[in-house]
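> return atomic coordinates for the entry below.
(one chain, ligands or ions: 2)
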Amino acid sequence: MPKLNITPADLRRILCFVAEAIGKEEAYLNSLDGAIGDGDHGITMRVGFEAVKATVGALDASVTIDGVLTESGAAFMGATGGAIGVLLGRMLMSAGAALQGCKEIGTSELRVLLNSMETAVASAGKAKPGDKTILDAVHAANQAVATTAEADQSLPNMLSRASLAAGTAAQNTAGMRARVGRASRLGDRVLGHPDPGAVSFSIIMRAMAQWLEEN
Ligand code: ADP
Ligand code: MG
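Numbering: from 1, shown residues only. Ligands and ions are numbered 1, 2, ... in the order given. A predicted model of the protein is given here:
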């Protein structure tokens, strides 16, 4: 029976599980970035999530959800450079700020979390949906949980919907031209290649959904 709520201890385990999933995809993410960027995205994601893993492992047992998110964001940003370091760092820290004092993530907290992440990445990156960035996957995940019919609203179900939506959105970025970030200089040459950041976010969502299903 999958969990219906995510406690701070669960969230710490989930972030470690995400770190492993990202680590397994390092070479793939580098190759995606190699096609339309500078080829470092997999390294940056692996290094960032290794820092998150180390940080959440050292937190006090009394930490709340917002504490885990805020510390993770700071760790990610501190350990990495590049666009994604700032963007994912801000996404995690904004989610922490939006869930202040929160002791468990249920369905309404999941909505707040994804919504705050979308707002953060859009404002930090000055991107819009359709610009071929990580925002496309975040936006799709946010929309999927925001529009889940009441009868289908359970945390595992909503995370699974968010994961599927993010995965589809990430693949759909292959058909887009980039309007922001490094890839924006390449014009039509980016067509046919998915955006690395969007694929990373879909891997994060997939790992979260999988963890919830298995635990
Ligand atoms: P860098 O481009 O600095 O080498 P990474 O390769 O780690 O950083 O990350 C690239 C990803 O960052 C892109 O695939 C895209 O998803 C995201 N990105 C870059 N610039 C922006 C932006 N302005 N807004 C939103 N996302 C962006
Ligand atoms: Mg890069």
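
> please verify my assumption that residue 2 contacts residue 211.
No. Counting by Cβ atoms under 8 Å, residue 2 does not reach residue 211; the two are 9.4 Å apart. Every residue, glycine included, has its C-beta placed from N, CA and C.

> so which of these two has more stuff around it?
residue 211 (21 against 15; other Cβ atoms under 10 Å).

> how far off centre is the helix or strand hosting that one?
Per DSSP states H and E: residue 211 is located in helix 196-214. Relative to the chain's own centre, helix 196-214 is displaced by 7 Å; criterion: Cα atoms, centre = their mean, to the nearest Å.

> convert it to CSV, retaining C-alpha atoms only.
C-alpha atoms of helix 196-214 as CSV (Å, rounded to 0.1, in the frame of the first residue of the first chain):
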residue,chain,number,x,y,z
PRO,A,196,18.3,18.5,-20.8
GLY,A,197,16.8,20.4,-17.9
ALA,A,198,13.3,19.3,-18.8
VAL,A,199,14.5,15.7,-19.0
SER,A,200,16.2,16.0,-15.6
PHE,A,201,13.0,17.3,-14.0
SER,A,202,11.1,14.4,-15.5
ILE,A,203,13.7,12.0,-14.0
ILE,A,204,13.2,13.7,-10.6
MET,A,205,9.4,13.3,-10.8
ARG,A,206,9.7,9.7,-12.0
ALA,A,207,11.9,8.8,-9.1
MET,A,208,9.6,10.5,-6.6
ALA,A,209,6.6,8.6,-8.0
GLN,A,210,8.4,5.3,-8.0
TRP,A,211,9.6,5.7,-4.4
LEU,A,212,6.1,6.4,-3.3
GLU,A,213,4.7,3.4,-5.1
GLU,A,214,7.4,1.1,-3.6
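
> tell me which other helices or strands that helix touches.
helix 8-24, helix 26-36, helix 41-57, helix 82-98, helix 134-146, helix 155-172 (3 or more Cβ pairs under 8 Å, 6 or more residues apart in numbering; DSSP states H and E).

> how about it and ligand 2, touching?
No. Between helix 196-214 and ligand 2, judged by Cβ under 5 Å from the ion, nothing touches; the nearest distance is 7.0 Å.
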